[in-house]
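*Asks:* Could you look at this predicted model? Sequence included:
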Amino acid sequence: GAGVSQSPSNKVTEKGKDVELRCDPISGHTALYWYRQSLGQGLEFLIYFQGNSAPDKSGLPSDRFSAERTGGSVSTLTIQRTQQEDSAVYLCASSLTQGTGELFFGEGSRLTVL
Amino acid sequence: KNQVEQSPQSLIILEGKNCTLQCNYTVSPFSNLRWYKQDTGRGPVSLTIMTFSENTKSNGRYTATLDADTKQSSLHITASQLSDSASYICVVSLQGGKLIFGQGTELSVKP
C-alpha cells in the first residue's frame, strides 16, 4: 500500500484478555517503530526494529508487552493480560533509513480496556 | 540527559493570525530536527526537517528556524487557518538513530 497500515483501528477488550495489534509498514522501509499515546499526552516510545538487527525494546513498559517483526515487514504488538492503564492509541511508524529519516505514521490502533 | 521541551503547551489564536511555537533541546550528538503535525485522531505527518547547517526552511505557510548554538528551534505559522488546529511535535534525531520526542504544542485556531 501507499502508506503505513494498522489494524484494528479500534479495539475494545476486557481486563485480563490478550490483544494483538498489527502494522504493515511502507514497502522497502527497513526501520519500524511502535509508540503509545495516551489521551492528551505525547508519544511514548515502545520498541524499534531495524532490518535484521536485534530490536530496541527499551521502551516496553512491562513484560506483558512484546512485539515481533516477521520477514522484515509486518509487525505485531502483543499485550498480554491487559490492564485499564494500557488504554491508549498505539501508533506504528516506518522509515526508509534508521533514525535520521522521516517517520511515516499509521493512523493508529485505539485500544480500550474495560 | 537528552530532552526536548516545547512551549507553549497549548495555544489558542484567531483565524488569520500568526503564531510561533518553540522547541528547546538538550541533545547530543545532534543529527537533525523535524516538526510534525498531528491532526486529532490521525498519525503525525512531517512538516519540515532541519539539519545542523540550516537556519531556516519554509513549507508553505510554515517556516521553521534552527539555532544550533542555543539549541532552539521555532515553527512559525503565517495567516493561520482553521485546518492548522492540531498538535505540533518537535522530534530531534541523535547521530546513531535515536529519536527524542517533545510533548507537543496543542494549537487551536478559532474563527
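*Replies:* On my side now, so go ahead.
*Asks:* make it CA atoms for all contacts and neighbour counts henceforth
*Replies:* Noted.
*Asks:* And the residue nearest the centre of chain A?
*Replies:* Nearest residue to the geometric centre of chain A (Cα atoms, centre = their mean): residue A:34, 3.3 Å.
*Asks:* Beta-bridge partners for that residue, please?
*Replies:* Counting by DSSP bridges, residue A:34 is bridged to residue A:47, residue A:92.
*Asks:* Kindly provide the distance from it to chain B.
*Replies:* From residue A:34 across to chain B, the span is 12 Å (Cα to the nearest Cα, to the nearest Å).
*Asks:* Strands along the chain, start to end?
*Replies:* No chain was given, so I picked chain A. Under the criterion DSSP state E, chain A carries strands at the ranges A:5-7, A:10-13, A:19-24, A:31-37, A:43-50, A:65-69, A:75-79, A:88-95, A:104-105, A:109-113.
*Asks:* please go with chain B instead
*Replies:* B:3-7, B:10-14, B:19-26, B:30-38, B:45-51, B:56-59, B:62-67, B:72-77, B:86-94, B:99-101, B:105-110.
*Asks:* closest one to residue A:81 among the ones you listed?
*Replies:* Taking Cα to Cα, strand B:99-101 is the member of those nearest to residue A:81, at 28.4 Å.
*Asks:* name the helices or strands packed onto that closest one?
*Replies:* Strand B:99-101 is packed against strand B:3-7, strand B:86-94, with contacts defined by 3 or more Cα pairs under 8 Å, 6 or more residues apart in numbering or on different chains; DSSP states H and E.
*Asks:* Redo those as JSON lines? Include mean pLDDT.
*Replies:* Compiled in JSON lines, the helices and strands packed on strand B:99-101 are given as follows (pLDDT from 0 to 100):
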{"stretch": "strand B:3-7", "mean pLDDT": "95"}
{"stretch": "strand B:86-94", "mean pLDDT": "94"}
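*Asks:* Need the winner for burial among these.
*Replies:* Highest mean neighbour count among those (mean count of other Cα atoms under 10 Å in any protein chain shown): strand B:86-94, with a mean of 25.
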